[in-house]
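[1] Coordinates for the following, if possible.
(one chain, ligands or ions: 1)
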Amino acid sequence: MPRAFSGIQPTGDIHIGNYFGAIQNYVKLGQQLGKQAIYCVVDLHALTNPAAYDRDLLASRTFEATLVNMAAGLDPEQVILFAQSDVREHNELAWIFTTQTPVGELERMTQYKDKTSKLESVPSGLLMYPVLMAADILLYKADTVPVGEDQEQHLELTREIARRFNYHFGDTFPEPQAVHAEDALRVPGIDGQGKMSKSKGNTLGVLEDFASIWSKLKVAPTDPARIRRTDPGDPHHCLIYHYHKLFSDPGVTAVVEVECARAGIGCVDCKKFLMTGVERSLTPIQDRARVLRADADVVHGALERGAREAQAIAAPVMQEVREKIGLVRAR
Ligand code: TYM
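    So this is what the prediction gives:
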């Protein structure tokens, strides 16, 4: 049976890019794989982000990220859901991988280049970020990794790290493959300026209240070639149409596509239709989140159990690695 692993950073509010690009696939794979689906709130990764790190907020953000995943449909009874820092083996394996990974390979990562271009002083943890990510995945010998397209390069590096380890120390790790949500490879931000991302502040939050979502949608860019209401639009160049494909019934999306192209619908009405889909999709998640928040022990309990379950898989793999690399003394 395949084994899936994925991680999400507790660096701020979980947004619809996370939801459509990754969390929906976590849920789908969880239903197929049960306890072979392992999901982790990667709080150690969150430490590498100087702009988002806040000592006083980190633990509550980890709680919050767990809560949103559960509200979005992840059942911790069915899958394994835990916080990265609760399973110490992640750090240990990451250290071993850093000793095998050339700095040049890490400096080539585009996310590293993007993140560091704005920093005066670069924490070395940012360079090591993808090594810790490889350790997350390989510690469970996972072969399937549900993620957005932005993680593809890190997955390539993970395969390279697995290959190198297997070559030097004998067959140990699989070469994991990414699984993408084909309709949400890279959900665009509400500013229409590339990918939706916590760090760019162009997000729609999964738990954001609808008045706030509407205030952002109202001013969001549409097809730039459609200047007047009477101009025909090209839905395929319109952010709002992109969101319709995620949120609205296929019937509504098809009508909007045709009507936009023949100037039969204005952008404001098109956005109002979208808002109906947004409310329909997010209301059940927001309702479940409210219930979970009122009973925080359910979330804390899920993380505690998840850590025990994850550790039971991680510990023997780590022991195998220790033996293979020569750390275990013979008596
Ligand atoms: P993070 O926290 O940035 O994002 C969590 C997941 O959401 C996906 N995602 C998107 N998908 C489509 N469109 C978007 N606009 C969008 N924004 C985010 C991400 O691709 C990701 O799947 N490095 C990872 C965390 C991580 C991890 C791992 C993932 C650490 N260890 C091991 C997989 C396996 C990250 O920063 O995710």
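[2] Please identify the residues of the stretch 1-150 of the chain in proximity to the ligand?
    5-9, 17-18, 21-22, 42, 45, 133, 136-137, 145, 147-148, 150 (CB under 6 Å from any ligand atom). Just so you know, the C-beta spots here come from the backbone N, C-alpha and C atoms, and that holds for glycine as well.
[3] change it to 5 Å
    On the criterion CB under 5 Å from any ligand atom, the ligand has as its neighbours in the stretch 1-150 of the chain the residues 6-9, 17-18, 21-22, 42, 45, 133, 136, 147-148, 150.
[4] Could you identify the most distant pair in these?
    Using CB to CB, those span at most 20.1 Å, a distance reached by 17 and 136.
[5] Domain boundaries for this protein, per the record?
    With domains defined by automatic domain parsing, the chain comprises 4-187+296-325, 208-288.
[6] Output these as TSV; include the columns mean neighbour count and mean pLDDT.
    Shown next, in TSV, are these (neighbours: other CB atoms under 10 Å; pLDDT from 0 to 100):
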stretch	mean neighbour count	mean pLDDT
domain 4-187+296-325	18	97
domain 208-288	16	95
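[7] the helices in the chain, which residues?
    Applying DSSP state H to the chain gives helices spanning 16-18, 24-33, 43-46, 58-71, 89-98, 103-107, 110-117, 124-138, 152-169, 210-218, 239-247, 250-261, 267-294, 296-325.
[8] Can you say which of these is nearest to residue 178?
    Among those, helix 152-169 comes nearest to residue 178, with 4.7 Å by CB to CB.
[9] Does at least one residue of the closest one sit close to the ligand?
    No. Counting by CB under 5 Å from any ligand atom, the ligand has no neighbours in helix 152-169; the shortest distance is 6.0 Å.
[10] C-alpha coordinates for that helix, CSV please?
    Written as CSV, here are the backbone C-alpha positions of helix 152-169 (Å, rounded to 0.1, in the frame of the first residue of the first chain):
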residue,chain,number,x,y,z
GLU,A,152,8.0,20.3,-7.0
GLN,A,153,11.7,21.4,-6.8
HIS,A,154,11.9,20.4,-3.1
LEU,A,155,10.5,17.0,-4.1
GLU,A,156,13.2,16.6,-6.8
LEU,A,157,15.8,17.3,-4.2
THR,A,158,14.2,14.8,-1.8
ARG,A,159,14.5,12.1,-4.5
GLU,A,160,18.2,13.1,-5.0
ILE,A,161,18.8,12.8,-1.3
ALA,A,162,17.1,9.4,-1.2
ARG,A,163,19.1,8.2,-4.2
ARG,A,164,22.4,9.4,-2.7
PHE,A,165,21.7,7.7,0.6
ASN,A,166,20.7,4.5,-1.1
TYR,A,167,23.8,4.5,-3.2
HIS,A,168,26.2,4.9,-0.3
PHE,A,169,24.4,2.9,2.4
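[11] Check the gap between the closest residue to residue 19 other than its chain neighbours and residue 145 for me.
    Distances taken as CB to CB, 6 or more residues apart in numbering put residue 206 closest to residue 19, at 5.2 Å, once the chain neighbours are dropped. As judged by CB to CB, to the nearest Å, residue 206 and residue 145 stand 21 Å apart.
[12] again with residue 323
    Per CB to CB, residue 323 is found 26 Å from residue 145.
[13] Also residue 121?
    Taking CB to CB, one finds residue 121 at 31 Å from residue 145.
[14] returning to what we had before: now distance to residue 191 too, for the helices of the chain, in TSV please.
    Below are the helices of the chain laid out as TSV (distance: least, CB to CB, whole Å):
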stretch	distance to residue 191
helix 16-18	13
helix 24-33	23
helix 43-46	24
helix 58-71	22
helix 89-98	34
helix 103-107	29
helix 110-117	17
helix 124-138	25
helix 152-169	23
helix 210-218	9
helix 239-247	9
helix 250-261	20
helix 267-294	15
helix 296-325	32
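[15] Which of the ones you listed sits closest to residue 199?
    Comparison of these against residue 199 by CB to CB identifies helix 110-117 as nearest, at 8.0 Å.
[16] Please name whichever of the domains of the chain is nearest to residue 198.
    Per CB to CB, nearest to residue 198 of these: domain 4-187+296-325, 4.3 Å.
[17] mind checking the end-to-end distance for that closest one?
    Start and end residues of domain 4-187+296-325 are separated by 26 Å (CA to CA, to the nearest Å).
[18] Isn't residue 112 up against residue 129?
    Yes. If you go by CB atoms under 8 Å, residue 112 and residue 129 touch, sitting 7.0 Å apart.
[19] how much space between the residue lying closest to residue 7 once chain neighbours are set aside and residue 8?
    Setting aside the residues directly before and after it, residue 7 is nearest to residue 42 in space (CB to CB, 6+ apart), at 4.1 Å. Distance of residue 42 to residue 8, computed by CB to CB: 7 Å.
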